[in-house]
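Chemist: predicted structure and sequence below. I'll ask about it afterward.
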Amino acid sequence: MPLFLKRFKLGSNRSKEQDRESDNGNSPQSKMATTKSAASELRALADLINGAVAQIEAACASRSQTYPLADEPFTPQSEAARMSPDVLVPGNIIVAAAAQLITAVRIPALTLSVTASSSYLTSSLRLAISTHVPEILREAGPQGLHAKEIASKTTVDPIKLARALRLLTTHHIFREVAPDVFTNNRVSSLIDTGKPVADILAHPENKFDGTSGIAAVLEHVSDEGLKSSGWLAETIMDEKFGPSQEPNETAFNKAYNTPLPVFPWWELPENALRLKRFGIGMQGTQNMASPGAILEGYGWKDLPKGSVVVDVGGGVGSHSLVLAKAHEHLEFVVQDRDAVITDAVKYWDAQFPAAVKGNRVKLQAHDFFTPQPVKAPAVFLLRMVLHDWSDKYASLILKQLRGAAGPDTQLLVVDNTIEYACEDTTSARDIPGAVVPLPPAPLLANKGAAGALPYFADLHMMSLCNGDERTVSRFQKLLQENGWKLTKVIHVTGFEVENAKLVAVPI
Ligand SMILES: C[S@@+](CC[C@H](N)C(=O)[O-])C[C@H]1O[C@@H](n2cnc3c(N)ncnc32)[C@H](O)[C@@H]1O
């Protein structure tokens, strides 16, 4: 196996030193780094890309699989070839190296101009989702549809819509197959809810019901996220809001001119559709990761029969649903705010009513800043909860859980973990799984563009709720300060939208 794949090997517990030592300076990558004048950065990046393409070809050929084509609509079956680690990992190398190569060759002024303008990509995506373009194009078929006809369904201006679609098309989202005639490609088809356009137009409020949630989460990010991000600089430079840890002193509060934190704001009657969209969107985060990600890496099957898993801030319980279906020996309590639990009741009624009727799954309104009512369960699950909160509030949540934990309770935090963009010698190196193998030189230590999503999420959390994506060291410190000892970090696959699992036990 070439060194660049060894270094990026999934699940490897090798330290950075081990990687560097076994290299002994003899690998092509080391030579590349030490003889920079002889082999340029451009050549090094191009070589990484070529090597990774060869790996993907070999992996697909070994299984007689066809790599998914960019112009074909997305289906889980046709995506299968990309989903195995021996294809995902070299794919990540290509993404990181290609992005770095583009920046290396592009005129810097252009890199900066494109960066400054990229919010228009976000707003164009929002427009396409909210005017149901992917669904309209699906029904039009592969020959595509003229912008006039696309726009007529939602009575928006066709020329303006076409201009937004062309920006997306220029970034490989949708295709323009003839002047002003657009069709879906693989990427755009993923935001198709699959529903008949007539149904969506008749009941737009139900558009995301029963869907994968991917369009819902993307519409949330390109709506509340985009507007909040527009106020980020003013917020950080604000004397009061800048250093604040409060959930109602954020860019979101400036953008929407509200004193409410985002979660109660969503519960205002006028925001009912936003609340519903966010709830379904959280299922979308699950569907954007590898299938069944919550099942992987943690020993669910080893928990004794009747063990109780408390899904704290569990939303409607979409992850407990996956777990409950896969592990019949476990029981679940899904806790969230009142309004969310009302939606959770409908969700379970549609998805798995027997589990609730049989009392294997309980849906419980509970504020996680107040004493935890379930004592000494096997597991407290906190998925994508701590990242919504600053350290001050994350500590309060962790203290409540610690107060209710028994000696054998495990805390499972499922969240993004972020890395520095340079080599990190300060991280929690003693914790199994904490050290992530370095990618090959000259890629950034944190995988650059291939691992960018958590860094976007970090700014999204900061903008909306003063939340925070954390490094493993910061998690370790936060847990330690609140009565929990971090024992293990589980990174499951090479899938870049995957969260890490952090296992902690009471101190
Ligand atoms: C980012 S979502 C994560 C949902 C779920 N764990 C998942 O991964 O899909 C955060 C959840 O925390 C809930 N939440 C916010 N404040 C809460 C509170 N004070 N008590 C309980 N849940 C709360 C929200 O309603 C939301 O469902």
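Modeler: Okay, I see it. In this text the structure is predicted, and so the values were computed from the model without any measurement.

Chemist: point me to the residue of the stretch 101-250 of the chain nearest the ligand.
Modeler: Residue nearest to the ligand within the stretch 101-250 of the chain: residue 247 (8.7 Å; C-beta to the nearest ligand atom). Every residue, glycine included, has its C-beta placed from N, CA and C.

Chemist: for that residue, which non-adjacent residue is spatially closest?
Modeler: Using C-beta to C-beta, 6 or more residues apart in numbering and skipping residues adjacent in sequence, the residue nearest residue 247 is residue 261, 3.8 Å away.

Chemist: count the neighbours of that neighbour for me.
Modeler: By other C-beta atoms under 10 Å, 20 other residues sit near residue 261.

Chemist: same check, this time on residue 105
Modeler: 10.

Chemist: residue 153: neighbour count?
Modeler: Using other C-beta under 10 Å, the number of residues around residue 153 comes to 18.

Chemist: got the residues of the chain near the ligand?
Modeler: Contacts of the chain with the ligand, taken as C-beta under 6 Å from any ligand atom, map to 263, 282, 313-315, 318-319, 336-337, 340, 367-369, 383-385, 388.

Chemist: residue contacts, the residue nearest to residue 247?
Modeler: Residues counted as contacts of residue 261 (C-beta atoms under 8 Å, 6 or more residues apart in numbering) are 247-248, 465.

Chemist: for it, give me the pLDDT.
Modeler: We have a pLDDT of 98 for residue 261.

Chemist: repeat that for residue 296.
Modeler: pLDDT, read off for residue 296, is 89.

Chemist: could you measure from the closest residue to residue 105 other than its chain neighbours over to the ligand?
Modeler: Using C-beta to C-beta, 6+ apart and skipping the chain neighbours, the partner closest in space to residue 105 is residue 42 (6.8 Å). Going from residue 42 to the ligand by C-beta to the nearest ligand atom, to the nearest Å gives 41 Å.

Chemist: quick one, what contacts residue 42?
Modeler: Contact analysis of residue 42 by C-beta under 8 Å, 6+ apart lists 101, 104-105.

Chemist: again with residue 376
Modeler: 404-409.

Chemist: these into a markdown table, with extra columns for neighbour count and secondary structure?
Modeler: Formatted as a markdown table, those follow (neighbours: other C-beta atoms under 10 Å; DSSP: H, G, I helix; E, B strand; the rest coil):
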| residue | neighbour count | secondary structure |
| --- | --- | --- |
| 404 | 16 | helix |
| 405 | 21 | coil |
| 406 | 10 | coil |
| 407 | 7 | coil |
| 408 | 13 | coil |
| 409 | 22 | coil |
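
Chemist: ok, of the residues you listed, which one's closest to residue 69?
Modeler: Residue 69 has its nearest neighbour among the contacts of residue 376 in residue 409, at 48.1 Å by C-beta to C-beta.

Chemist: who's in contact with that closest one?
Modeler: Neighbours of residue 409 in contact, by C-beta under 8 Å, 6+ apart: 376-380, 505-506.

Chemist: what pLDDT does residue 15 get?
Modeler: At residue 15, the predicted lDDT confidence score is 38.

Chemist: how about residue 313?
Modeler: With respect to pLDDT, residue 313 has a value of 97.

Chemist: just residue 330 next, same as before
Modeler: At residue 330, pLDDT is 98.

Chemist: repeat for residue 23
Modeler: 43.

Chemist: name the helix or strand for the residue nearest to residue 105, please.
Modeler: Per DSSP states H and E, residue 42 falls inside helix 41-62.

Chemist: backbone dihedrals for the residue of the stretch 101-250 of the chain closest to the ligand, please?
Modeler: With angles defined as degrees, to the nearest 10, residue 247 sits at phi -70, psi -10.

Chemist: you'd agree it is up against residue 264?
Modeler: No - contact criterion C-beta atoms under 8 Å: residue 247 and residue 264 do not qualify, at 9.3 Å.

Chemist: so between these two, which is more surrounded?
Modeler: Taking neighbours as other C-beta under 10 Å, residue 247 and residue 264 compare with residue 247 leading, 22 against 14.
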